[in-house]
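1. Following is a predicted model, sequence given first.
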Amino acid sequence: MSRLYMLDTNTVSYILKGKSLAARAKLAALGADEVACISVVTEFELEFGLAKNPNAQNLRHAIRWFLARIQVLTLGSAEARAYGQLRQEQETAGRPLESMDMLIAAHAIAVGAILVTGDKVFDSVPGLAGRENWATDLAR
């Protein structure tokens, strides 16, 4: 059984913009039993970034190249159930996440992926298969 890693939007951005050589190296060094993916929510956020910067041709090419080579997971009923449960838990605990972060976290939970992120907001998310920060070369 392979290990699934879901990269959050910031991690993808660090890789594409060359801000984290450590994250880029980790992605390139994944073993045969390891799979990297992103949520379609991350693709949404990448497309929004391009819409805000229509003249960023190098970034546009990098994103297109990346999306053609990584598995993009779609949302379905299992992810909706995970989202409903996670949102209820986070709101009850007084720790609601920003909408896109909530969707990415629920998606990772639903598919049993290790969430690859350096964002501390995910520290309080129950049910994740794990959380790793591949951008270890960036000061936090």
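-> Done, it's in. Numbering: from 1, shown residues only.

2. A129 is in contact with G112, isn't it?
-> Yes: counting by CB atoms under 8 Å, A129 touches G112, with 5.0 Å between them. Any C-beta I mention is one placed from the backbone N, CA and C, and that applies to glycine too.

3. what sits in contact with each of the two?
-> L4 (CB atoms under 8 Å, 6 or more residues apart in numbering).

4. what helix or strand does the residue sitting furthest away from the middle of the chain sit in?
-> In the chain, N55 marks the outermost C-alpha relative to the chain mean, sitting 24.8 Å out by CA atoms, centre = their mean. According to DSSP states H and E, N55 maps onto no helix or strand at all.

5. what's the answer for D101, then?
-> helix 99-111.

6. now what about that helix, what contacts it?
-> With CB under 8 Å, 6+ apart, helix 99-111 has contacts from 4, 6, 8-9, 39, 41-42, 44-45, 73, 75, 78-79, 81-83, 85-87, 90, 96-97, 113-115, 119, 121-122, 125, 127-129.

7. Mind checking which of the residues you listed land in helices?
-> 9, 41-42, 44-45, 78-79, 81-83, 85-87, 90 (DSSP state H).

8. closest to A68 among these?
-> Distance to A68, by CB to CB, is smallest for T42 among the ones in helices among the contacts of helix 99-111, at 14.7 Å.

9. Wait, L4 touches V116, no?
-> No: applying CB under 8 Å as the test, L4 and V116 come out as separate, 10.3 Å apart.

10. So for those two, which residue has more residues nearby?
-> V116 (26 against 17; other CB atoms under 10 Å).

11. Report the beta-bridge partners for that one.
-> Counting by DSSP bridges, V116 is bridged to L7, E132.

12. thinking again about what came up before, buried ones from the contacts of helix 99-111, can you make that a ChimeraX selection?
-> Here is the ChimeraX command that selects only those of the contacts of helix 99-111 that count as buried (16 or more other CB atoms under 10 Å):
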select :4,6,8,9,39,41,42,45,73,75,79,82,83,86,87,90,97,113,114,115,119,122,125,128
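
13. Find the residue closest to G130 in space, skipping its chain neighbours.
-> I114 (3.9 Å; CB to CB, 6 or more residues apart in numbering).
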